[in-house]
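S.K.: give me coordinates for this.
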Amino acid sequence: MARGGRSKKRIARRGVMFVLSSPSGAGKTTLSRMLLKVDRNVKLSISVTTRPKRPGEIDGHDYHFIDRSRFDAMIKRRELLEWAEVFGHYYGTPRRPVIRALREGRDVLFDIDWQGTQQLREKARDDLVSVFILPPTAAELERRLKRRAQDSKSVIGSRMGKAAGEMSHWPEYDYVIVNRDKAEAFSEVRAILAAERLKRERQIGLSDFVRSLQAKL
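M.R.: Got it, this is the predicted structure:
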């Protein structure tokens, strides 16, 4: 028992599957990195992918880079919570580390598209909190894609062409943020996560906590 009768023991809770989705270039990856930097209770779900590594990426840190045959085997063994094909490459979320983190009361961050989010919703709706990030304008989206200098002009054109279809899925998400300003959007992301952590149904230790309070009255 802490000084003054205050207990430092936290109420046990189940973790949140926290999804950030957006068209390429709208900011989900930047916001994800910012959240991981400031919140130690958030664990990044590291996807497996069949695409080649980009400059600066590290296997096991950014993605688990695997070949197509191994990816197909993981699907058959139901080792993936979700998977999708994006621009000719396959991406998926390993099941085991996510379930372990949720049971330990840690939140798992997902940087995935609408297809993956839809699959997660079908399998674990009670644990899922989904946020869709929109760009302020189409021109700004194109500017951001060019600024990161990771793709050729043809790939940027493909991403811009696909963006309209991706954005049509915004009504399927719990929350929508327009990323006009990075700091403002990040503040909104943190507010959403803070509120979701406090939901009664996620605080699995509340019943015991309230009973202990009642016993001392």
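S.K.: CA only for contacts and neighbour counts going forward, please
M.R.: Noted.
S.K.: isn't residue 120 right up against residue 84?
M.R.: No. Using Cα atoms under 8 Å, residue 120 makes no contact with residue 84, being 11.7 Å away.
S.K.: helices along the chain, start to end?
M.R.: 28-38, 68-76, 95-103, 114-124, 138-147, 153-167, 182-197, 206-215 (DSSP state H).
S.K.: nearest to residue 44, out of these?
M.R.: Put simply, out of the helices of the chain the one that sits nearest residue 44 is helix 28-38, at 7.4 Å, with distance taken as Cα to Cα.
S.K.: check which residues of that closest one are buried.
M.R.: Applying a neighbour-count criterion of 16 or more other Cα atoms under 10 Å, one finds 28-29, 31-32, 35 buried in helix 28-38.
S.K.: and the angle for it with helix 182-197?
M.R.: With axes from the mean of the first three to the mean of the last three Cα atoms, to 10 degrees as the criterion, the two stretches helix 28-38 and helix 182-197 enclose an angle of 70 degrees.
S.K.: distance from helix 28-38 to the middle of the chain?
M.R.: 10 Å (Cα atoms, centre = their mean, to the nearest Å).
S.K.: where does pLDDT dip in the protein?
M.R.: Judged by pLDDT under 70, the chain has its weakly predicted residues at 1-8, 146-157, 161.
S.K.: centroid residue for it?
M.R.: residue 110 (2.2 Å; Cα atoms, centre = their mean).
S.K.: can you tell me how far that residue is from residue 15?
M.R.: Taking Cα to Cα, to the nearest Å as the criterion, residue 110 is separated from residue 15 by 13 Å.
S.K.: re earlier: who's in contact with the residue lying closest to the residue nearest to the centre of the chain once chain neighbours are set aside?
M.R.: Leaving out its chain neighbours, the residue that sits closest to residue 110 by Cα to Cα, 6 or more residues apart in numbering is residue 19, at 4.6 Å. The neighbours of residue 19, taking Cα atoms under 8 Å, 6 or more residues apart in numbering as the test, are 109-112, 117, 128-131.
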